[in-house]
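# got a sequence here, can you model it:
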Amino acid sequence: MKNNSPGKVNVDLQNERNKCTFNVTELTNFIDGSAEKTLERHNREEKVLSQGIHIEEVPSEYLSHKEKYELAVKKACLLFKLIRYMQEEENTGMDNYREVLGGFLGSAILQDGSPLTLHYVMFIPTLMGQGTVEQQAYWIGRSWSCSIIGTYAQTELGHGTFIRGLETTATYDPKTKEFILNSPTLTSYKWWPGGLAHTANFCIVVAQLYTKGQCHGIHPFVVQLRDEETHMPLPGIKIGEIGAKLGMNGTNNGFLGFENVRIPREHMLMKNSKVLEDGTYVNSPSSKLTYSTMMFVRVVLVNDMCNYMAKAVTIATRYSAVRRQSQPKPNEPEPQILDYLTQQHKLFIGIATVHAFRLSASWIWEMYNNVTAELESGDLERLPELHALSCCLKAVTTADAAQCVEKCRLSCGGHGYMLSSNLPLTYGLVTAASTYEGENTVLLLQTARYLVKAWQQAIGGNQLTPTVSYIAKVAAGRRSPPWDNTVEGIIDGFYRVACGKIALCVNNIEKRQKTGMSYEDAWNMTSVQLASASEAHCRAIIIATYYNEMEKRKADLSPALRQVLLQLVDLYIVYWALENVGDLLRYTSISERDIEQLQHWYEDLLSKIRPNAVGLVDAFDIRDEILHSALGAYDGRVYERLMAEALKSPLNAEPVNRTFHTHLKPFMQGKL
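Numbers count the residues shown, from 1 in each chain. Take a look at the predicted model:
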């Protein structure tokens, strides 16, 4: 672990490091994938951060909204210029882009979001996934070199997750071989795309396709928004910024409207669906192929959540080792707040969750690549499974990450409320993910549709895809076996909970239909239970994946590290068992005594992990420049850093503010 902090390390923090029972570097290498990958990351971080792009003369929190955007553009351009140089001249691989777009490195420089993110994360991937070979040849080269800057406009003022309800229209004119784009209502204006307001000059626009008087649903179109030389909006383009937000204020989110904007026929991305010159529509093999970009982003988001949580638990755990509070035993020193079991309860589950999500992210990324390869060969069989899984994983991981960051902020008391802790800013970034790329409740209900179909297939004796195969197994033996109070037993219990909830939902929908209720109304009346069933399904998948993936990898670890990482697996699974006691009581044969044993097991695990808490977060190996936190720096000099950050406030530049003379003094003298 590289110490990037000047000066002496806090004594309490150093003592924590001295009692760590495992090799921190070994865990860092395990997280990165190998010692070589850790070295590559260190070299990349050193090369980028040595340029000083991240250094701010005035902390960005004291800038105006306009100044924040201008600084973000400057930083983003300098950063991606450097990354592109490293990519082309040094052939350092795609890890550079991943680190900047979703990893730790980008957050060190663009702390409140980047106006170029959607260019790389959605514009280019959509061209690659939805464009023909000819379209890719034309657009991707220009995009990759950044001779054009793109974004992705789907969400509208009046419609978000319900994509079929989008109102923007693209009507084909066979006479001119052009599409005419229009925003027929205020609610049809595109709203939210990052970089749209003042950064991008091109955009992939998702619109309702009309040809020969018929609507064929939503399709993607490449639209030029601004002149390539002057950057002025083109005729018929109504564009601007949507305003300040809870977080991501460097992202340059915008609105976009169209008034009879014409684009060439070739600007419709036609890898899947096509419109011929005469206006004839050629349908896609599957409507879900249109959603491939969203699935890609949802898969990537799982890994992004790991990075946000790793930063938050590093900050809060180091602070908890330094902060001393209260005096539970008379005449004894105030203990470190990390010694309180309640503090361990807040933080250690966050550490375990980072590992659980990281392994889940690797697992679903591999699945995504396999399914994508199958799509290329025309095999669509596993596409619905991937769609359902990416929906619920996105929903559960983003919700858990937001809760984790907020717990970390609360665990730091009043100092966690300071922007200089970096916890409020991190929360603003992570909680946004609960909404973008699909609002979480809606996504859970999309997964529920797949689960209901899977249940019906299981009852019909049909073979199920791997991630729902448990339904057939559990449904076949309806009576719960005796409860097994082990990790494997808990995992089985979670699958039984998920299966029981799915079965109950199907039963309630059928009951309501028998009373004369339509299927749609029956679904709505059951939707709270359906969302709960989806979450239960996802919980079972995550805990099983965490356990199975660690079992595969544990043989490569030293005995000391293996012991600690398996303790985290146990902690994660037992924690969620206790969080879902009601469901386990309802759907399994767990007893009150079993629950009592789980509680003792959990408390024992907290005590066992306690000596290694700081070592575990040190292993995330996050440089101080990336943490950007007065509370979480490697040296633990919390109070000196808080004071240093306070003195940076522009209000401290002069001893008397002018408002004393203009307002306070007259007010105090009764002359105002």
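# switch to C-alpha atoms for all contacts and neighbour counts from now on
Will do.
# in this protein, which spans are strands?
Secondary structure of the chain (DSSP state E): strands at 150-153, 169-173, 178-182, 190-191, 202-211, 214-224, 237-241, 254-258, 261-264, 274-275, 281-282.
# what packs against the last one?
This means strand 281-282. strand 274-275 (3 or more Cα pairs under 8 Å, 6 or more residues apart in numbering; DSSP states H and E).
# residues touching the residue minimising distance to the centre of the chain, list them.
Nearest to the mean C-alpha position of the chain, by Cα atoms, centre = their mean, lies Leu301 at 3.5 Å. The neighbours of Leu301, taking Cα atoms under 8 Å, 6 or more residues apart in numbering as the test, are 394, 398, 433.
# if we go to 10 Å?
Applying Cα atoms under 10 Å, 6 or more residues apart in numbering to Leu301 gives the contacts 102, 295, 307, 361, 390, 393-395, 397-398, 433, 437.
# which of the residues you listed has the weakest pLDDT?
Taken together, those show their lowest pLDDT at Gly102, with 68.
# residue contacts, Ile609?
20, 344, 348, 564-565, 567-568, 571, 616 are the contacts of Ile609 under Cα under 10 Å, 6+ apart.
# redo the contacts of Leu301 as JSON lines? Include neighbour count.
Below are those laid out as JSON lines (neighbours: other Cα atoms under 10 Å):
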{"residue": "Gly102", "neighbour count": "20"}
{"residue": "Met295", "neighbour count": "23"}
{"residue": "Asn307", "neighbour count": "22"}
{"residue": "Ala361", "neighbour count": "24"}
{"residue": "Ser390", "neighbour count": "27"}
{"residue": "Leu393", "neighbour count": "30"}
{"residue": "Lys394", "neighbour count": "29"}
{"residue": "Ala395", "neighbour count": "28"}
{"residue": "Thr397", "neighbour count": "27"}
{"residue": "Thr398", "neighbour count": "25"}
{"residue": "Ala433", "neighbour count": "23"}
{"residue": "Glu437", "neighbour count": "22"}
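# so which of these is the closest to Ala76?
Nearest to Ala76 among the contacts of Leu301, counting by Cα to Cα, is Gly102 at 13.7 Å.
# and Asn462, how far from Cys505?
Distance from Asn462 to Cys505, counting by Cα to Cα, to the nearest Å: 20 Å.
# likewise for Gln344?
Distance from Gln344 to Cys505, by Cα to Cα: 37 Å.
# by mean pLDDT, point me to the weakest helix or strand of this structure.
helix 95-101 (a mean of 71; mean pLDDT, DSSP states H and E).
# just the C-alpha atoms of that one, please, in CSV.
Presented in CSV, the C-alpha positions along helix 95-101 are these (Å, rounded to 0.1, in the frame of the first residue of the first chain):
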residue,chain,number,x,y,z
ASP,A,95,-8.2,-0.7,-18.7
ASN,A,96,-7.3,3.0,-19.0
TYR,A,97,-10.7,3.9,-20.3
ARG,A,98,-12.5,1.7,-17.8
GLU,A,99,-10.6,3.3,-14.9
VAL,A,100,-11.5,6.8,-16.1
LEU,A,101,-15.2,6.0,-16.9
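# can you offset everything so residue one is 873?
Fine by me, first position is 873 from now on; the one you just mentioned is helix 967-973.
# in it, what's buried?
The neighbour-count criterion (16 or more other Cα atoms under 10 Å) identifies 968-973 as the buried residues of helix 967-973.
# isn't Ala1305 right up against Ala1271?
Yes. Counting by Cα atoms under 10 Å, Ala1271 is a contact partner of Ala1305 at 8.3 Å.
# overlap in contacts of these two?
Common neighbours of Ala1305 and Ala1271 (Cα under 10 Å, 6+ apart) are 1177, 1312.
# domain parsing for the protein?
Following automatic domain parsing, one finds the domains of the chain at 1020-1156, 1312-1490.
# okay, these in CSV with mean pLDDT next?
Formatted as CSV, the domains of the chain follow (pLDDT from 0 to 100):
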stretch, mean pLDDT
domain 1020-1156, 96
domain 1312-1490, 95
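# max pairwise distance over the contacts of Ile1481: which two?
Between any two of those (Cα to Cα), the greatest distance is 18.3 Å, for Cys892 and Leu1443.
# quick one: which of the two has more around it?
Set Cys892 next to Leu1443 and count neighbours by other Cα atoms under 10 Å: Leu1443 wins out with 24 against 17.
# relative to Val1095, how far out is that one?
Leu1443 is 50 Å from Val1095, by Cα to Cα.
# kindly report the same for Ala1449.
Taking Cα to Cα, one finds Ala1449 at 50 Å from Val1095.
# more neighbours: which of those two?
Ala1449 (22 against 19).
# just checking, the more buried one touches Thr1460?
No. Checked against Cα under 10 Å, the pair Ala1449 and Thr1460 is beyond contact range at 11.8 Å.
# joint contacts of these two?
Shared contacts of Ala1449 and Thr1460, counting by Cα under 10 Å, 6+ apart, come down to 1362, 1365-1366.
# would you turn these into CSV with distance to Asn1484 and neighbour count?
Shown next, in CSV, are the shared contacts of Ala1449 and Thr1460 (distance: Cα to Cα, whole Å; neighbours: other Cα atoms under 10 Å):
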residue, distance to Asn1484, neighbour count
Ile1362, 25, 23
Gly1365, 30, 26
Phe1366, 29, 28
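# okay if I get the residues you listed as a markdown table plus distance to Lys953?
Formatted as a markdown table, these follow (distance: Cα to Cα, whole Å):
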| residue | distance to Lys953 |
| --- | --- |
| Ile1362 | 50 |
| Gly1365 | 51 |
| Phe1366 | 48 |
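# now the helices for the stretch 1123-1272 of the chain?
Ranges of helices within the stretch 1123-1272 of the chain are 1164-1194, 1213-1248, 1255-1283, based on DSSP state H, counting those that start in this stretch.
# pLDDT value on the residue nearest to the centre of the chain, please?
In this model, Leu1173 carries a pLDDT of 86.
# now Lys874
Predicted confidence (pLDDT) for Lys874: 48.
# on that earlier part again, and of the shared contacts of Ala1449 and Thr1460, the nearest to Ala1188?
Ile1362 (29.3 Å).
# picking up where we left off before, in terms of neighbours, single out the busier of Gln1216 and Cys1377.
Cys1377 (25 against 22).
# quick one: the more buried one and Asn1396 touch, right?
No. Cys1377 is beyond contact range of Asn1396, at 11.0 Å (criterion: Cα under 10 Å).
# distance of the closest residue to Leu977 other than its chain neighbours from Glu1421?
With Cα to Cα, 6 or more residues apart in numbering as the criterion, Leu977 has its nearest non-adjacent residue at 5.5 Å, and that residue is Glu971. Computed with Cα to Cα, the distance linking Glu971 and Glu1421 is 23 Å.
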